[in-house]
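In: Model the following, please.
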Amino acid sequence: MPADDRHDSAPDLRILGDRITLQPSGFVESQVPSDTGKDGREEALMKNMARFRSEPLRFLREVSLYVSGTGWRAYDEVIGQPIFYKGFSDHIKGLVMSATLLQTKISQLADQRLAVEEKEGLLNKNDKNFVIKRAKRRAILVQSLQEVAEQLTDNMICKFESKTFIRGAYYMVTQLLLRAYHQGIHVSSEEVLRLRRVAEEAERKKQSIIFLPCHRSHVDYVAHQLLCYRLGLALPVIVAGDNLNFPLVGSFLQHAGAMYIRRSFGDDQLYTTLVQAYIDVLLQGGYNMACFIEGGRSRTGKLLPPKFGILSFVLDSLLSGRVEDAVICPVSTQYDKVIETEGYVTELLGVPKKKENLADFLSGGSSVLSLRLGRVDVRFHEPWSLRGYIDEQINRLSKVPSAININWRDTQNQVVRQKLLRSLGYKVLADINDVSVVMPTALIGTVLLTLRGRGVGRTELIRRVEWLTDRVKAKGGRVAHFGNAPLSDVIERGLEVLGKDLVGVVEGLAEPTYYAVDRFQLSFYRNMTIHLFISEALVCAALYTKVKQGGGPSIQDIDFDELHDQVLFLSSLFRGEFIYSGEGLAVNLERTLVGLERDNVIFIEREEDTGRITKVGLSDKERMVGRENYDFYCFLIWPFIEASWLAAVSLLGLTPPLGEKDDIWIQVSRAQDGAQFLGKTLYHQGDLSYFEAVNKETIKNSYQRFEEEGIIQVVRSTKKDSRVPPRLRVAPEWRPNRDEVTGNLFASGRLWDFTEKIAKSRREGKNRRDGATVSTRVVKLTDELGQRLWEEAVKGVDSGKKGKGKGGVAPARLSSEEEKSLSRSVKEQKRRRALENRAHL
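Out: This is a model prediction of the structure:
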């Protein structure tokens, strides 16, 4: 947006089809009453392009004008450091290769190799020409490492070389993407104006803006680059996995801003240092960056836990003093419909992810043109200084009593760095949630999956969407803005975008009745709202431990202390799944209970003299309306409770067989596959209520949480053999006992009690009230599946097979080096739990 467009009636930017238009903002007060412009019409900034089929010559002429820079935008005057000039790549490459950090590491690696060669006798110290030969050998090693680093750098760095290229790329992306998302890309004008002001200040100080978006689709980085181009901001360098660097497409993306890095660095010191040097160069030069805070795309619709890889490099740049400051800008991108959701479902059900290739890219691109996916909403959180955040955190930590004696101002201390890194990651996730917009499809999906019964009538659907919209706004959330369109029209539009494959309709009844066709895929959209109501969901799930017992209202009331303990347990259980308020459990629980009381969902009894809460129960009004609002919150969290319960039950089967003295270690991926297989069986037998509970992502997160708590112990590959996949065992103190005669598992012990505590908040279903069902039939089935894993692992040992990735069987017993690694890992986990000073399971 040009500088002279900044005025009080700040417009929203909408990119739609072949037009880019300015419209009055939903956030900044406008003097223009119309929703479409000063004269009631859209103010077109990019006129309709001629169609190739009807007017091929005119079409080609307009494209050539556009690409040559004499058309709509030449991208000549941008806010930020100079990019897109011939020689840009060589300039950046030269800065990286000459970086002191990289040259020092190359010297160290050369010296280390010389020491090995001397020890192995390849260099004879008694040779009279030893010094000369050593110097020559060192020069060769340094030169070889330099060549390797130069090749790695060339493959890694983005190449902002040609302005002609980026003009053409922008035009092509606009035409392709915005025909799929036929209702356009929307962005808040208020946030755009703020971002431009921040960008101007950052340019003046030669500081980088680091965009940290959530990641739900491959469309994310395309939409972000398109917006930055349109807003006249210097395009950010986007951190991308090298899996996208395949022929033709990889080069295209690299010239449009992609920086390729490996998915895993392993112990490659040269590569790790090279990435750090490149990030240093970008931040020192004030070049913008973008990195997806979650790492990979979210297959479940909600935010994933932060990945700290690139953030750790950025943090090191500042804490080392090599970079003075950088600006952090969290970004939320929401879709009416995500292109990849159907593929996500197959992956979550256990089908291996397919490697990206050119054929799929081209076929996928052509199919996208025929889709009608609604719109995209992009929101930029208020940017903030990373240096300021670091200083604020250090001051806060220094004042808080700690379980360990540590100087929190020593930023070279790894404990301090890890604390800062973790808080930074979760701060960004919280900021993304704060600015996220709830789309109509998310509202519809949430309502359909949180109602009892087979379907919902049109009138009831509208009523519940209206109720949910009000609740979202009451919680400080944002709902996508659709001007003066009536809610019924917005819902109709959302149903059209979701399509009959996700939401079906039964006609010929008293009124149209809608039902969920694909509940698994629709859960992706439901999960887009859960972050707003996670506190209410946890409270209602804790109260459900009493409500599920039935009987009179007084029997279903719960003592506050009991409620507090179950909420504490559940919130700790899902610590890796959801983002909580930073104010602590006591404050958050009190506020949540008061809010639910105000909404007439619950009643609260208090001590008269102190006001302390003593008892909580369902309100009479909530019972009169059939528990519809209370059930809504339960339905949000129940699938996650089911998944955690399933993961915990699957661990019971990993108990060593009767008479087995040696520990057998099971491959982590196969144990998780076993849990998923168990879940599918239990679902079809009626012992699991939600099929989405068997999704791989949630089971994986549960296993990760169990590892953090020491319920399972995991051994990962060593330097000696990095191809061996991770293996696990149930920690000895958590294992249930077996009957010494039959070998059957006892439904008792620490792991069983843990599983039962999760089960207290599970939704009632077939045989659910009969605890013997789980303690006999389900445990027996779990044990049978677990024994198959044991037999497979032992067979691999006996046959001499060694694990070399996916093809082989992982070693079932640990080497001496792995035993030592395990001992260190167990101690480190205990230390970390003490350091975090949080509630544990």
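
In: which ones are touching Q829?
Out: E707, E708, G710 (C-beta atoms under 8 Å, 6 or more residues apart in numbering). C-beta here means a position set from N, CA and C on the backbone, and glycine is covered the same way.

In: And the lowest mean pLDDT element among the helices and strands of the protein?
Out: strand 43-44 (a mean of 32; mean pLDDT, DSSP states H and E).

In: Which residue, other than its chain neighbours, is closest to K473?
Out: Leaving aside its sequence neighbours, K473 sits nearest to V479 (C-beta to C-beta, 6 or more residues apart in numbering; 6.5 Å).

In: and what of N744?
Out: Leaving aside its chain neighbours, N744 sits nearest to R738 (6.5 Å; criterion: C-beta to C-beta, 6+ apart).

In: For the one you found, name its beta-bridge partners.
Out: Beta-bridge pairing for R738 (DSSP bridges): L745.

In: where does it sit relative to A648, distance-wise?
Out: 18 Å (C-beta to C-beta, to the nearest Å).

In: Looking only at neighbour counts, state which of those two leads.
Out: Using other C-beta atoms under 10 Å as the criterion, R738 and A648 rank with A648 on top: 25 against 18.

In: if I look at the more buried one, how far off is Y633?
Out: If you go by C-beta to C-beta, the gap between A648 and Y633 works out to 23 Å.

In: ok, E511 - contacts?
Out: G457, R458, T459.

In: do the same with C214
Out: C214 makes contacts with D220, F292, I293, E294, S298, L303, V331, S332, T333, I432, S436, as judged by C-beta under 8 Å, 6+ apart.

In: pLDDT score for it?
Out: The score at C214 is 95. That number is its pLDDT.

In: next one: F482
Out: 73.

In: Correct me if wrong: it contacts S488.
Out: No: if you go by C-beta atoms under 8 Å, F482 and S488 don't touch, sitting 11.6 Å apart.

In: what residue ranges in the stretch 601-750 of the chain score low on pLDDT?
Out: 662, 718-722 (pLDDT under 70).

In: in it, which spans are helices?
Out: 620-624, 628-652, 668-684, 696-708, 750-759 (DSSP state H, counting those that start in this stretch).

In: possible to save those as a markdown table with distance to V351?
Out: Listed next are the helices of the stretch 601-750 of the chain as a markdown table, based on distance: least, C-beta to C-beta, whole Å:
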| stretch | distance to V351 |
| --- | --- |
| helix 620-624 | 42 |
| helix 628-652 | 18 |
| helix 668-684 | 11 |
| helix 696-708 | 10 |
| helix 750-759 | 28 |
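
In: Buried deepest among the ones you listed, which one?
Out: Comparing these by mean neighbour count (mean count of other C-beta atoms under 10 Å), helix 628-652 ranks first with a mean of 24.

In: and that helix, how far from the chain's centre?
Out: 20 Å (C-alpha atoms, centre = their mean, to the nearest Å).

In: The longest helix belonging to the chain - contacts with which helices or strands?
Out: Looking across the chain with DSSP state H, the single longest helix is helix 130-156. If you count contacts as 3 or more C-beta pairs under 8 Å, 6 or more residues apart in numbering; DSSP states H and E, helix 130-156 packs onto helix 88-97, helix 100-119, strand 258-261, helix 269-285.

In: May I have the strands that pair with the shortest one, each with its orientation?
Out: Strand pairing for strand 258-261, using DSSP bridges, gives strand 237-241 (parallel).

In: In PDB, list the C-alpha atoms belonging to the partner strand.
Out: C-alpha atoms of strand 237-241 as PDB (Å, rounded to 0.1, in the frame of the first residue of the first chain):
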ATOM      1  CA  VAL A 237      13.600 -15.400   3.500                       C
ATOM      2  CA  ILE A 238      11.400 -18.400   4.300                       C
ATOM      3  CA  VAL A 239      13.000 -21.400   6.100                       C
ATOM      4  CA  ALA A 240      11.800 -24.500   4.200                       C
ATOM      5  CA  GLY A 241      12.600 -28.200   4.500                       C
END
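
In: Compute the inter-axis angle for it and helix 88-97.
Out: 70 degrees (axes from the mean of the first three to the mean of the last three C-alpha atoms, to 10 degrees).

In: buried ones in strand 237-241?
Out: V237, I238, V239, A240 (16 or more other C-beta atoms under 10 Å).

In: Leaving out the residues flanking it, which one is nearest to the second one?
Out: When you say that, I think you mean I238. Spatially, and ignoring its direct neighbours in sequence, I238 is nearest to A290 (4.5 Å; C-beta to C-beta, 6+ apart).

In: Tell me what the one you found is bridged to.
Out: Beta-bridge partners of A290, counted by DSSP bridges, are F211, I238.

In: so it sits right up against D220, yeah?
Out: No: in this structure, A290 is not within contact of D220 by C-beta under 8 Å, at 9.3 Å.

In: shared neighbours of the two, anything?
Out: Common contacts of A290 and D220 (C-beta under 8 Å, 6+ apart): P213.

In: Now the most centrally placed residue in the chain. Nearest residue, chain neighbours left out?
Out: Geometric centre of the chain, nearest residue: L304, 2.8 Å, by C-alpha atoms, centre = their mean. Leaving aside its sequence neighbours, L304 sits nearest to E294 (C-beta to C-beta, 6+ apart; 4.0 Å).

In: Look at the one you found and tell me its secondary structure.
Out: coil (DSSP: H, G, I helix; E, B strand; the rest coil).

In: Make 20 the first number, not 1, from now on.
Out: Got it, first residue is 20 now, which makes that one E313.

In: who's in contact with it?
Out: Applying C-beta under 8 Å, 6+ apart, the residues near E313 are C233, H234, L322, L323, P324, P325, K326.

In: Pick the most buried one from the helices and strands packed on helix 149-175.
Out: strand 277-280 (a mean of 23).

In: Check the offset of it from the chain's centre.
Out: With C-alpha atoms, centre = their mean, you get 19 Å for strand 277-280.

In: For this protein, give me the ranges with low pLDDT.
Out: Residues of the chain meeting the criterion pLDDT under 70: 20-93, 372-389, 420-423, 502, 681, 737-741, 784-792, 815-828, 852-860.

In: just to revisit the earlier point, thought the residue nearest to K492 was touching V457?
Out: Yes: assessed by C-beta under 8 Å, V498 is found in contact with V457 at 5.1 Å.

In: what sits against the residue lying farthest from the centre of the chain?
Out: Among the C-alpha atoms of the chain, the one most distant from their mean position (C-alpha atoms, centre = their mean) is that of K147, at 60.6 Å. Contacts for K147 (C-beta under 8 Å, 6+ apart) come out as none.

In: for it, helix, strand, or coil?
Out: Classified using three-state DSSP, K147 is coil.

In: where's it relative to L697, distance?
Out: K147 sits 71 Å away from L697, going by C-beta to C-beta.

In: Next: S108.
Out: S108 is 52 Å from L697, by C-beta to C-beta.

In: And D772, by the same measure?
Out: Taking C-beta to C-beta, one finds D772 at 20 Å from L697.

In: what does R781 give?
Out: 16 Å.

In: Same question for L405.
Out: 45 Å.

In: same check, this time on E526
Out: Counting by C-beta to C-beta, the gap from E526 to L697 is 40 Å.

In: ranges for the strands of the stretch 720-860 of the chain?
Out: 731-734, 746-749 (DSSP state E, counting those that start in this stretch).

In: okay, these in CSV with mean neighbour count and distance to S163 next?
Out: Output for the strands of the stretch 720-860 of the chain, formatted as CSV (neighbours: other C-beta atoms under 10 Å; distance: least, C-beta to C-beta, whole Å):
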stretch, mean neighbour count, distance to S163
strand 731-734, 20, 34
strand 746-749, 23, 36
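
In: Dump the ones you listed into TSV; add distance to Q412 as well.
Out: Listed next are the strands of the stretch 720-860 of the chain as TSV, based on distance: least, C-beta to C-beta, whole Å:
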stretch	distance to Q412
strand 731-734	30
strand 746-749	34
